[in-house]
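In: Structural data only, the sequence is not supplied:
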């Protein structure tokens, strides 16, 4: 009787495990790269439009970053120890308005100060600079075809 029960239960348990693995893999595959709530930023932060774009604002943001952010996040925004990188990862997949919100309000529970003492333009310039750090995509690095 025990042997017959094992022959019956084992395939069912194996099938259930396979189904569970497939369900997990399917769910992970369809999950967004970044949660819609970037470090506590409210949903409306994602709709904010950066008024300080362009190369001059990125250059100004780079200087501000060097003065205010590089001490913790590293000179190239690569992250230092347990402080996250900003050149890659969640910051690059977040919307500019969400990054602006985090710069403005900080993440006090993790030790990041609020930078609301900087002007709004300066905070947007930092966002502009950070968004220039994303790794190039295949479409931007593909060689142009000669004719």
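Out: Here it is on my side, so go on. All values derive from a computational prediction rather than experimental measurement. Numbering: from 1, shown residues only.

In: Could you verify my assumption that residue 92 touches residue 99?
Out: No - using C-beta atoms under 8 Å as the test, residue 92 is too far from residue 99 to be in contact (9.2 Å). The C-beta positions use only the backbone N, C-alpha and C, and glycine is treated the same way.

In: Comparing the two, which shows the higher neighbour count?
Out: Of the pair residue 92 and residue 99, residue 99 is the one with more neighbours under other C-beta atoms under 10 Å, namely 27 against 18.

In: Run through the strands of the chain in chain order.
Out: With strands called from DSSP state E, the chain shows none.

In: the domain parsing of it - what is it?
Out: Domain assignment for the chain by automatic domain parsing gives 1-31, 38-135.

In: Quick check: the residue nearest the centre of the chain vs residue 125, distance?
Out: With distances taken as C-alpha atoms, centre = their mean, residue 90 lies nearest the centre of the chain, 1.0 Å away. Per C-beta to C-beta, to the nearest Å, residue 90 is found 20 Å from residue 125.
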